[in-house]
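Q: take a look and give me a structure for this.
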Amino acid sequence: MRSRNTILFTLLAVAMVALFIADLAIGSTAIHLGDVWAALTGGECDVATRDIVLKIRLIKAVMAILAGAALAVSGLQMQTLFRNPLAGPYVLGVSSGASLGVAIFLLGAPLLGLAATPSLQLLGTAGAAWIGSGLILMAVMALSRRIKDIMVILILGMMVGSAIGAVVEILQYLSSENALKSFVVWTMGSLGDVTATQLQMVIPAIAIGLILSVALIKPLNLLLLGENYARTMGLNIARSRRVIFLSTVLLAGTVTAFCGPIGFVGLAVPHLARMLFAAADHRVLIPASMMSGAVVMLLCDIISKTMALPINTVTALLGIPIVIFVVVRNRSIE
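A: As a prediction, the model looks like this:
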């Protein structure tokens, strides 16, 4: 089993490197691999080519790796915590909170005549999304202290998401065409809007979230067998929940804030990792989900650029068959 896992991790690493290089070469203007290498290593190449590779495609490819790893791990944590194969990184209302923040920024501020306010302009779409996600996190963490049943928290998260969705729809109905178009474009997701400066904020946030997920390996393995068993083994359930929630918001919240809501990666990739490695141990599943998520997101970005489609549509088309397979398989087992 260990040798099989080593082979699989090696194959994932090779696939990730190959897709990363392909992502740098493929685009509206195809770039020869030799020129890509020259741009990365400081060799001789055209100035325009160097700028395309280093200032646009490299940032986008790095963001694809970070987003894929972050969404996959956050989805894995939610599926384990709620013991639900259809739980994803957005079940806590993280995406809904981010959407509300962006909706208030893009749709609400123009309605109130505050769009030109300097403080709002400084905040930006990503800042508004982060604040929205953070507020939802604080609400969920406050509820988790009072509510012991994890399924009640799941239901409340869904209800909060529905309520926020209704508020967002009201803002959409009242907004101008231009503001509405900006919001709709944000909901489609994009890896290409992240700047080099923003990447310096994204990397530490996602790194902290991933480090927390690694520190949670033992609690997650105990939670696989149920909260009652985990409690008898001495696990502090309330504290573990809060750390899992924090990790999830750092991972999924950061990606949503800077890239928009990217669906199905967090839901489908953990199942893909389980099928590939035939394992339930989070010592295997967390690195497997990280690498699988990065590979899937790089592949989606290449397809998105090749076919000129929003990233969200590509992740949905690749993720939905996996989710359907999991549902049908679980149903047939019952």
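Q: which other helices and strands does the helix or strand encompassing Met159 contact?
A: When secondary structure is defined using DSSP states H and E, the element that contains Met159 is helix 150-174. Under the contact criterion of 3 or more C-beta pairs under 8 Å, 6 or more residues apart in numbering; DSSP states H and E, helix 150-174 touches helix 58-82, helix 94-103, helix 118-146. No exception for glycine: its C-beta is placed from N, CA and C like everyone else's.
Q: name the next helix or strand following it along the chain.
A: That would be, after helix 150-174 and using DSSP H and E, helix 177-187.
Q: how far off helix 94-103 does that following helix point, in degrees?
A: Between the direction of helix 177-187 and that of helix 94-103, the angle (axes from the mean of the first three to the mean of the last three C-alpha atoms, to 10 degrees) works out to 150 degrees.
Q: show the subsequent helix or strand relative to helix 177-187.
A: For helix 177-187, the succeeding helix or strand toward the C-terminus, using DSSP H and E, is helix 196-215.
Q: ok so, going back, would you point to the one among the helices and strands packed on helix 150-174 that's packed deepest?
A: Burial of those is given as mean neighbour count (mean count of other C-beta atoms under 10 Å); helix 94-103 ranks first at a mean of 28.
Q: so which bits of the very next helix or strand once past that one are buried?
A: Downstream of helix 94-103, the first helix or strand assigned by DSSP H and E is helix 109-111. Buried residues in helix 109-111, counting neighbours by 16 or more other C-beta atoms under 10 Å, are found at 109-110.
Q: and of the helices and strands packed on helix 150-174, who's closest to Leu174?
A: Distance to Leu174, taken as C-beta to C-beta, is lowest for helix 94-103 among the helices and strands packed on helix 150-174, at 10.8 Å.
Q: list the contacts for the nearest residue in space to Ser99 that is not next to it in sequence?
A: If the residues on either side of it in the chain are set aside, Ser99 comes closest to Val168, at 5.7 Å by C-beta to C-beta, 6 or more residues apart in numbering. With contact taken as C-beta atoms under 8 Å, 6 or more residues apart in numbering, Val168 is in contact with 99-100, 103, 107.
Q: quick check: pLDDT value at Ser332.
A: In the prediction, the pLDDT value recorded for Ser332 is 51.
Q: before we move on, the earlier item: including distance to Leu251, could the contacts of Val168 go into TSV?
A: TSV is the format used below for the contacts of Val168 (distance: C-beta to C-beta, whole Å):
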residue	distance to Leu251
Ser99	17
Leu100	19
Ala103	22
Leu107	26
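Q: can I get stretch 39-58 in CSV, CA atoms only?
A: Taking C-alpha atoms only, stretch 39-58 is exported to CSV below (Å, rounded to 0.1, in the frame of the first residue of the first chain):
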residue,chain,number,x,y,z
ALA,A,39,11.3,33.8,-19.2
LEU,A,40,11.3,31.9,-16.0
THR,A,41,15.1,31.5,-15.7
GLY,A,42,16.1,35.0,-17.0
GLY,A,43,17.3,33.8,-20.4
GLU,A,44,17.0,35.6,-23.7
CYS,A,45,13.5,36.1,-24.9
ASP,A,46,11.2,38.8,-26.3
VAL,A,47,10.2,41.4,-23.8
ALA,A,48,6.5,41.0,-24.5
THR,A,49,6.7,37.3,-24.1
ARG,A,50,8.5,37.7,-20.7
ASP,A,51,5.8,40.1,-19.5
ILE,A,52,3.0,37.7,-20.6
VAL,A,53,4.7,34.8,-18.8
LEU,A,54,5.8,36.5,-15.6
LYS,A,55,3.2,39.2,-15.1
ILE,A,56,0.1,37.4,-16.2
ARG,A,57,0.3,33.6,-16.7
LEU,A,58,2.6,32.8,-13.8
